[in-house]
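> mind folding the following:
(2 chains)
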Amino acid sequence: MLLSIKRLAKSFDDLEVLKDINMDIEKGTVVTIMGPSGSGKTTLLRCLNALEEPTNGVFSFDDGFTLDFQHKINKNDLLTLRRKSGMVFQSYNLFPHKTAIENVTEGPIIVQRRSKEEVYEQANNLLKKVGLEDKKDLYPHQLSGGQQQRVGIARALAIEPDLLLFDEPTSALDPELVGDVLSVIKDLANEGWTIVIVTHEVQFAQQVSDQVIFMDGGYIVEQGPPEKVLQNPSENRTQQFLQRILNP
Amino acid sequence: MVKMSLQNNVLLTVAEGATGWELIEKSFWPMVEGAIKFTIPLTLISFTLGLIIALITAVMRLSNSKILRAPAIIYVSAIRGTPLLVQLFIVFYGMPSIGLTIDPFPSAVIAFSLNVGAYASEIIRASISSIPKGQWEAGYSVGMTYRTTLRRIILPQASRVSIPPLSNSFISLVKDTSLASLILVAELFRRAQEIAARTYEFMIIYVEAAVLYWVVCFLLSIGQEALERRLDRYIAK
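Below you'll find the predicted structure:
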């Protein structure tokens, strides 16, 4: 098991966004988080990347690294947590002042201090993998949304994280561009990356997930394999949600 | 000081008694020399120091800590709420009475740097705030710390936003350095005043000084445009 999450809670002032989240992420598996907006799924993902600091709960990684948020966490531990995962954002958030390949190489060169030569070779391979080798010297504004998002994926892969996080990676895309991005994510799943993804693409979740988590109101309502949660949900709220997004 | 004014006298007596074009010709070099030796260095040094002060102040103002924010707020408020000339006089004429005598040029550098620092800090703060939160998060997500994200991701983008308003401050500073004439810095305008006092040709000399300031500012604005074009590479048109 790569990461075990116990009693995770997050409040913004008086607003409790996550309440008592317990989940395990197995190495090499894909965990899909679904749920209505405001259910806390994005916050959960952001807690994993330390973009939000949980108010309570325990993260334990397989290498022995453990964080108990009951106590004040020091900056270095938060940084260690953050560096375990790579994040792909809904709105891409590419660095607009850097070319596609510079977006990919920035983390490895500046943060990890790896050699430029090696990093550029890796970045070229990553851009080839996401089908953008001919776009590597273009700036983000010269790329379509789908292309930008694939650069975003390459950027997250370049830092070689234990865990890949996707926050609604296709929600901002035109429908005809969604497929390209999803197929890249599918490839990554097949290669054995550990992935946590927040998405509304039910069909995609069905195909790639090992585990589906349905959230509502800050709680995990139901979790299990996709055949169970997506096809035979036992909870009312899950059924209602699936019905709504499958037959809008 | 004594040596400097002797040199000036030699220069200035050249212009004495001249009129019309001859006066312009004779007064031209002393004034240009004042610009090259004092106006321009004073502007460049003060602006550079001012930008460093401004960046530190802006980051302090954006901090979560009250202890860091408070001094920055007070500093900006005090500088913006008092006349630049008064600030110059405090440094040059006021400091000696508490045992700190500073020469005219460094006095001017101190006053102008502090002044520019306050105004520019607001520009830098606004331009940092204008960069979307997602850029910070993207920096963090590739493992960067606050400082690295600021340096590598936020400031390069913020600098593009802040160039036009900072250029305004810069050009204002060129003109404000004429106030240094009042604390004995032999810059362009002090040269003009000295020549005018000897020749009584106020109109010619002061218009000539104005034209020289204009030329300097015009050249600087060309530099600004070139810089903006360079930083525009990554902006969608």
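
> setting the sequence-adjacent residues aside, check what's closest to whatever residue of chain B ends up closest to chain A.
Closest to chain A within chain B is B:Val142: 3.1 Å, counting by CB to the nearest CB. C-betas here are computed from N, CA, C, even on glycine. Of all residues beyond its chain neighbours, the one nearest B:Val142 is A:Gly107 (3.1 Å), with distances taken as CB to CB, 6 or more residues apart in numbering or on different chains.

> below-threshold pLDDT in chain B: ranges please.
Within chain B, the segments meeting pLDDT under 70 span B:1-19, B:234-237.

> show me which residues of it sit near chain A.
Contact residues, chain B versus chain A (CB under 8 Å from any CB of the partner chain): B:132, B:134-135, B:137-145, B:148, B:152-153, B:156-157, B:160, B:233-236.

> still on that earlier bit, can you confirm the residue nearest to B:Val142 is in a helix?
Yes - under DSSP: H, G, I helix; E, B strand; the rest coil, A:Gly107 falls within a helix.

> contacts only, for it.
Contact partners of A:Gly107, counting by CB atoms under 8 Å, 6 or more residues apart in numbering or on different chains, are A:Arg155, A:Ala158, A:Ile159, B:Val142, B:Gly143, B:Met144.

> again, only this time at 6 Å
A:Ala158, A:Ile159, B:Val142, B:Gly143 (CB atoms under 6 Å, 6 or more residues apart in numbering or on different chains).

> quick one: secondary structure of the last one?
Classification of B:Gly143 into helix, strand or coil gives coil, according to three-state DSSP.

> isn't it up against A:Gln112?
No - contact criterion CB atoms under 6 Å: B:Gly143 and A:Gln112 do not qualify, at 7.1 Å.

> ok, these two, which is more surrounded?
B:Gly143 (23 against 14; other CB atoms under 10 Å in any protein chain shown).

> how far away is the more buried one from A:Leu143?
Separation of B:Gly143 from A:Leu143 (CB to CB, to the nearest Å) stands at 23 Å.

> likewise for A:Asp14?
The spacing between A:Asp14 and A:Leu143, counted by CB to CB, is 41 Å.

> who has more neighbours out of these two?
Ranked by neighbour count (other CB under 10 Å), A:Asp14 and A:Leu143 place A:Leu143 first, with 18 against 5.

> how far away is that one from A:Leu94?
From A:Leu143 to A:Leu94 the distance is 8 Å (CB to CB).

> list the contacts for the nearest residue to B:Phe170 once chain neighbours are set aside?
In this structure, B:Phe170 finds its nearest non-sequential neighbour in B:Phe47, 5.7 Å apart by CB to CB, 6+ apart. By CB under 6 Å, 6+ apart, B:Phe47 lies in contact with B:Val116, B:Phe170, B:Leu173.

> for A:Met215, helix, strand, or coil?
Secondary structure for A:Met215, judged by three-state DSSP, is strand.

> tell me where chain A has helices.
Shown for chain A, the helices assigned by DSSP state H span residues A:41-48, A:75-82, A:100-106, A:116-129, A:145-158, A:175-190, A:202-208, A:226, A:236-246.
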